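> got a predicted model here, sequence first, then my questions.
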Amino acid sequence: MFYETVKAAYEAGKVRVGLIAIGGGDRVTIEANGLIGFKSAFLSEAERQKLAELSKTDAKAMKARQSKRE
């Protein structure tokens, strides 16, 4: 219901996605302030997983860019 709003805020750098370490379960935490934080509380588990995948993709891309600099 609020996925697109929270995703746009994530892409703008206003949302943090917390991922559990490997083997620690599938829980995804979403940290945001204000109305976005309120909306993130209503995300379904599937929507949280989509944000987790987006976050993982972004992290891999950032790591690849850092590797090229070295």
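Thanks, I have the structure now.
> how much space separates the residue lying closest to residue 20 once chain neighbours are set aside from residue 47?
Leaving out its chain neighbours, the residue that sits closest to residue 20 by Cβ to Cβ, 6 or more residues apart in numbering is residue 27, at 5.4 Å. C-beta here means a position set from N, CA and C on the backbone, and glycine is covered the same way. Residue 27 sits 14 Å away from residue 47, going by Cβ to Cβ, to the nearest Å.
> and those two? which has more neighbours close in?
Neighbours per residue, other Cβ atoms under 10 Å: of residue 27 and residue 47, the larger number sits with residue 47, 19 against 11.
> pretty sure that one contacts residue 3?
Yes: Residue 47 is within contact range of residue 3, at 4.4 Å (criterion: Cβ atoms under 8 Å).
> need phi/psi at the residue most central in space within the chain.
When Cα atoms, centre = their mean is applied to the chain, the residue found nearest the centroid is residue 17 (3.5 Å). Phi and psi for residue 17, reported as degrees, to the nearest 10, are phi -110, psi 120.
> let the chain start at 16 from now.
Will do, 16 is the new start, and the previous item becomes residue 32.
> dump the residue contacts of it.
25, 43-46, 66-67, 69-70 (Cβ atoms under 8 Å, 6 or more residues apart in numbering).
> all helices of the protein, in order?
18-26, 49-55, 60-84 (DSSP state H).
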